[in-house]
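1. Pasted the sequence and its predicted model underneath.
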Amino acid sequence: MRIGICSDHAGLEYKSRLISYLLGKGYEVVNFGTDSSESCDYPDFAHPLAFAVEKGEVDAGIALCGTGNGMAMTLNHHKGVRAGLAWGTAIASLVKEHNNANVLVLPARFISYRMAVSCVRAWLTTDFAGGRHQRRIDKIPV
Ligand code: RB5
């Protein structure tokens, strides 16, 4: 499985550590930046990740910024992306089980790195439930 990952400066440290974690677990990882701790603008990194998800160049994505909201708002402008914010393992599982999120968004300034890894693990190992949840997802696009 190939996972795309991006962050702004606020999510950089967790992103770097998550890349090592994912590679260690055997995932292929594509890094869409940022790779600098200089202050930057999250859409500059969210859009390239979103395009890669839409084109099928990656199977799923992970995005990190301070609150997670800037990344989620940007990513969800893309028709082929369902980005879901998680700050705990139950929500990380449900965002896949109920919403089939193809991008997991993490609020790096509000969770520990340990929790970030737990959220990633929960999201990656949960299956979409389908059924009524598919019907609801089908009603999202405007
Ligand atoms: C950066 O200071 C911060 O605004 C950004 O990481 C994010 O929280 C925006 O939604």
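-> Received, thanks.
2. Tell me where the chain has helices.
-> 12-24, 43-55, 69-75, 89-97, 113-125, 132-138 (DSSP state H).
3. tell me the contacts of residue 101?
-> If a contact means C-beta atoms under 8 Å, 6 or more residues apart in numbering, then residue 101 has 82-84, 95, 123 as its contacts. In short, each C-beta sits where N, CA and C put it, glycine included.
4. Can you tell me the closest non-neighbouring residue to residue 118?
-> Counting by C-beta to C-beta, 6 or more residues apart in numbering, residue 118 lies nearest to residue 89, which is 5.1 Å off, once chain neighbours are set aside.
5. Number of residues surrounding the one you found?
-> Neighbour count for residue 89, taken as other C-beta atoms under 10 Å: 16.
6. now do residue 57
-> Other residues lying near residue 57 total 12 when counted by other C-beta under 10 Å.
7. so how far is residue 104 from it?
-> 17 Å (C-beta to C-beta, to the nearest Å).
8. For residue 72, which residues are in contact?
-> 63, 83-85, 105.
9. any idea how far it is from the ligand?
-> For residue 72, the distance to the ligand equals 8 Å [C-beta to the nearest ligand atom, to the nearest Å].
10. follow-up on the earlier one: ok, of the contacts of residue 101, which one's closest to the ligand?
-> Using C-beta to the nearest ligand atom, residue 83 comes nearest to the ligand of the contacts of residue 101, at 12.4 Å.
11. That closest one: how many residues sit nearby?
-> So residue 83, with other C-beta under 10 Å, has 27 neighbours.
12. and if you look at the one 4 residues further on?
-> Applying other C-beta under 10 Å, we find 16 other residues in the vicinity of residue 87.
13. same question, residue 80
-> By other C-beta under 10 Å, 11 other residues sit near residue 80.
14. go on, the one 5 residues further on?
-> By the criterion of other C-beta under 10 Å, residue 85 has 21 neighbours.
15. ok, it - contacts?
-> Residue 85 sits next to 68-69, 72, 91, 95, 105-107 when contact means C-beta under 8 Å, 6+ apart.
16. In TSV, list the residues you listed along with distance to residue 116 and pLDDT.
-> Formatted as TSV, these follow (distance: C-beta to C-beta, whole Å; pLDDT from 0 to 100):
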residue	distance to residue 116	pLDDT
68	11	98
69	16	98
72	15	98
91	13	98
95	14	98
105	11	99
106	5	99
107	9	99
